[in-house]
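Colleague: Could you look at this predicted model? Sequence included:
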Amino acid sequence: MTLLTQQTTFDREAAGCVLLYDGKFLLVFRSKDNVWNSVTRHKEKESSQEAIEREIFEEIGLHIKPTLLTTLFHQYGSKVVKYDLFTYVFVENPLPQITLSEEHTDVNLFTLQEALQLQLYEDEDYCLRLVAREKIDKVYSGFV
């Protein structure tokens, strides 16, 4: 994966959401790929907002409305992916309300340092660091 600057053309669109609670990242374990990641979705005909809200419900069973943080462009081999990165901060611990999809076998909260020690999906570390750098201070000062 290579991070690119602003692109006018791309091959695919995706949306992802970094979920936070009490300064920790909520990650799900995708057993098929043996990796931890945030909720993500390749976009079809819907908007990125609709895609990520639907995927959050499908993957963890929660109805929430995340906020768009930024748009990134990643290159995977010869393909360029436009990736809308969302965030959402829970005010209460979400773990007791989560119902995992069949593709996931675990969910947990991790500090950034703990998350970076996990087997993460290939660009997850970048997204977690970006959110930590750009959002954590703003989130807890009432920005979101």
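Modeller: Structure received.
Colleague: Check the chain and tell me which residue is nearest its centre.
Modeller: Residue closest to the average C-alpha location in the chain (C-alpha atoms, centre = their mean): Cys17, at 3.1 Å.
Colleague: excluding its backbone neighbours, what's nearest that residue?
Modeller: Closest residue to Cys17 apart from its sequence neighbours, by C-beta to C-beta, 6 or more residues apart in numbering: Phe86 at 4.1 Å. For every residue, glycine as well, the C-beta is placed using N, CA and C.
Colleague: quick one, helices of this protein?
Modeller: Applying DSSP state H to the chain gives helices spanning 48-60, 112-116, 124-134, 136-139.
Colleague: which secondary structure elements does the longest one contact?
Modeller: Helix 48-60 sits against strand 12-21, strand 39-42, strand 79-90, strand 104-110, with contacts defined as 3 or more C-beta pairs under 8 Å, 6 or more residues apart in numbering; DSSP states H and E.
Colleague: what's the angle from the third one to strand 104-110?
Modeller: Counting by axes from the mean of the first three to the mean of the last three C-alpha atoms, to 10 degrees, strand 79-90 points 60 degrees away from the direction of strand 104-110.
Colleague: got TSV for the helices and strands packed on helix 48-60, with distance to Ala132 and mean pLDDT too?
Modeller: Rendered in TSV, the data for the helices and strands packed on helix 48-60 read as follows (distance: least, C-beta to C-beta, whole Å; pLDDT from 0 to 100):
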stretch	distance to Ala132	mean pLDDT
strand 12-21	9	94
strand 39-42	17	87
strand 79-90	11	92
strand 104-110	11	97
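Colleague: Tabulate those strands (JSON lines), appending distance to Tyr121.
Modeller: Formatted as JSON lines, the helices and strands packed on helix 48-60 follow (distance: least, C-beta to C-beta, whole Å):
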{"stretch": "strand 12-21", "distance to Tyr121": "9"}
{"stretch": "strand 39-42", "distance to Tyr121": "8"}
{"stretch": "strand 79-90", "distance to Tyr121": "12"}
{"stretch": "strand 104-110", "distance to Tyr121": "12"}
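Colleague: just the helices of the chain: most buried one?
Modeller: Ranked by mean neighbour count under mean count of other C-beta atoms under 10 Å, these are led by helix 48-60, which reaches a mean of 19.
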